[in-house]
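J.: Structure, please.
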Amino acid sequence: MGRETLRRLSRLRKVVDRFVGTKVVVVGDLMVDRYYWGMVRRISPEAPVPVVEVTRETKSLGGAANVAHNIRTLGGEPMLCGVAGRDLAGEWLVAELDRIGVDGSGVILADGLPTTVKSRVVAHSQQVVRFDREKRGDLDPQTARDLGRALGERWKEARGAVVSDYAKGVVGERLMDRIRRINRGTRRIPVAVDPKSEFFKKYRRVSVITPNYGEAVVASGLGTNWGGGTEGIGSRLLSLTGAGAVLITRGEDGMSLFEKGRKPFHIPTVAREVYDVTGAGDTVLGTLVLALAAGASMRDAALLANVAAGVVVGEVGTVPVTRDQLLVHLS
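T.: Below is the predicted model:
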């Protein structure tokens, strides 16, 4: 191992040490991931589909709640803001946040709005089907005001912020405008956004945006036949959004970081085996902003996010990465 590599690993481990106790505000779409685990021994006589014999069921936090969970297991102190339904799934979500030590006092339970639940049937470690229960649409004015108030109160304590947009209705122009106003009016903190809308101008002037390659292509407007490579897409998104940086996740090809005034920084994947990419984007987002909040440079934060992503894709299901796992992969 070269001297430069050893210096880099030492530097990254020091950043991870500073994760402990770092406060990060998280806002976005909240979800519950439900899993039905089983095995297949036959095909249904009713239709050409496998019959899954379910042996167990599990639930885990999804969406912005999973981002908060990742920050917590990495040693940070997330403060979660979002909206869930006043239903059994929403009650479970709030109770689970409390159980794992995430501050969920900024979560609003709304009447007439179901909690988003993504249910997956997994047989022999392979996902067979997914079915979703959700209601998309803008928040009603009072709920939006309550969410904005909760966000503003927690912003004063935070050293970093995450916006997790799953296009369910929480992260709209009004919320992004509110975030920009809050960040101008108080001490400025790094703001990272995981986008789902193809209109990236909504996320303008944040610290970093983390689209996957497909989202980046669409948002750039360059078209699927674009032949200029990732660098043209990254430059285009920087220009469109005025963001400080764009981190494009590229699956087995790793990540590419684009910053104003700097050459593109391409990071190869460290994943040895890929079993399930569910929640990998949440892990990237949580690790990235926690590193920035702990004082890391954008490049070092991206390197840590890449290592964390390599850990979680080797697991099946929505599984957060832990601080100890990250340190082992940096040793």
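J.: Output the below-cut-off pLDDT ranges for this structure.
T.: Along the chain, the model assigns pLDDT under 70 to residues 1-2, 186, 223-228, 271-279, 314-319.
J.: Now do the strands in it.
T.: Listed in chain order, the strands found in the chain under DSSP state E are 23-28, 30-43, 50-63, 77-85, 103-110, 116-123, 126-133, 160-164, 191-194, 208-209, 245-249, 255-259, 265-267.
J.: Quick check: beta-bridge partners of the nearest residue to V122 once chain neighbours are set aside?
T.: Spatial nearest neighbour of V122, chain neighbours left out: W37 (5.3 Å); criterion: Cβ to Cβ, 6 or more residues apart in numbering. For glycine as for every other residue, the C-beta is placed from the backbone atoms N, C-alpha and C. When bridges are called by DSSP bridges, W37 pairs up with R56, V122.
J.: Is it correct that W37 is in contact with E53?
T.: No: using Cβ atoms under 8 Å, W37 makes no contact with E53, being 10.1 Å away.
J.: So which of the two has more stuff around it?
T.: Counted by other Cβ atoms under 10 Å, W37 and E53 do not tie: W37 has more neighbours, with 18 against 11.
J.: The residue nearest to V122 and F131, how far apart?
T.: For W37, the distance to F131 (Cβ to Cβ, to the nearest Å) stands at 15 Å.
J.: about what we covered before: quick one: the residue nearest to V122 from T58, how far?
T.: Distance of W37 to T58, given as Cβ to Cβ: 7 Å.
J.: in the sheet, who's paired with the closest residue to G82 other than its chain neighbours?
T.: What sits nearest to G82 in space, not counting adjacent residues and going by Cβ to Cβ, 6+ apart, is L30, at 4.1 Å. Judged by DSSP bridges, the bridge partners of L30 are G63.
J.: Could you give the number of residues near L30?
T.: Around L30 there are 33 residues (other Cβ under 10 Å).
J.: quick one: contacts for it?
T.: 62-65, 80, 82-84, 93, 107, 115-116, 170 (Cβ atoms under 8 Å, 6 or more residues apart in numbering).
J.: For this structure, which segments are assigned as helices?
T.: Applying DSSP state H to the chain gives helices spanning 3-17, 64-73, 88-100, 141-155, 173-185, 213-220, 229-241, 280-293, 298-312, 323-329.
J.: And those helices: which comes nearest Q127?
T.: Closest approach to Q127 among the helices of the chain (Cβ to Cβ): helix 280-293, 14.0 Å.
J.: Can you give me the distance of the residue nearest to V122 to A65?
T.: W37 is 21 Å from A65, where distance means Cβ to Cβ.
J.: And for V128?
T.: Between V128 and A65 the computed distance is 24 Å (Cβ to Cβ).
J.: Can you give me the distance of the residue positioned nearest the centre of the chain to V25?
T.: Central residue of the chain (Cα atoms, centre = their mean): D282, 2.3 Å from the mean position. Distance, D282 to V25, by Cβ to Cβ: 15 Å.
J.: do the same with G310
T.: From G310 to V25 the distance is 26 Å (Cβ to Cβ).
J.: residue farthest from the centroid of the chain?
T.: Distance from the centre of the chain peaks at P45, with 40.6 Å (Cα atoms, centre = their mean).
J.: phi, psi of that one?
T.: Here is the backbone geometry of P45 (degrees, to the nearest 10): phi -70, psi -10.
J.: how far away is it from V128?
T.: From P45 over to V128 the distance is 18 Å, taken as Cβ to Cβ.
J.: likewise G63?
T.: 22 Å.
J.: Perfect, that will be all.
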